[in-house]
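How does the following fold in three dimensions:
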Amino acid sequence: MDFHYVLIGVIVLVIIWLIISAISGSPKSKAFKVVRQTHDPSGLIAAIDADKTSDIPTEYNAYIKTLWDAYDRETATKLIQALLERNDTAPISQFWLKTLLEVEPELARTLLGEAFITSHYKEGIAAKCGGGCCGGGGGAKSCKSCKSCK
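Purely as a prediction, here's the structure:
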């Protein structure tokens, strides 16, 4: 009998913990809500940088894609810039820079500048990248497992 009460108690505690976790959200989730309201990605960038376990290109890709699809291209561009500053050889980094230059060339040149674009654009990598799994939402769990840019 006592075992059953302990088991029920543990289950109740786990459920309460899951509810509290879902309500409070991760630091990145909270920061992204602020980004959506203020269009200032600095808090999100700091949260991604602080998470040493995350795959940086995959993390940035998810947020950039959400902003891009919502037509918040200016904020997406700021995240593309941050991603390129951290890893400009990742295929998804080049996918987003290439997409930005093709779809919003004036915005790219205004916010990033020619020197930044020239410094970070890797034509050999960008030429291989299509929408594929990470950029186009084709189902890869991370940009590392995406085959479209290889």
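
List the buried residues of the helix or strand harbouring R36.
R36 belongs to helix 27-38 when assigned by DSSP states H and E. Using 16 or more other C-beta atoms under 10 Å as the test for burial, helix 27-38 gives 28, 31-32, 35. Heads up, the C-betas are built off the backbone N, CA and C, glycines and all.

for the protein, what's the longest helix?
Taking DSSP state H as the assignment, the helix of the chain that covers the most residues is helix 2-24.

May I have the secondary structure class of I64?
Of the three states, I64 takes helix under DSSP: H, G, I helix; E, B strand; the rest coil.

start at 8 instead
Noted, 8 is the first residue going forward, which turns the last one into I71.

from memory it sits against Q88, does it?
No: taking contacts as C-beta atoms under 8 Å, I71 lies outside contact range of Q88: 10.3 Å.

how many neighbours does D9 have?
Look at D9: counted by other C-beta atoms under 10 Å, it has 6 neighbours.

how far away is it from I15?
Distance of D9 to I15, given as C-beta to C-beta, to the nearest Å: 11 Å.

Cool, thanks, talk later.
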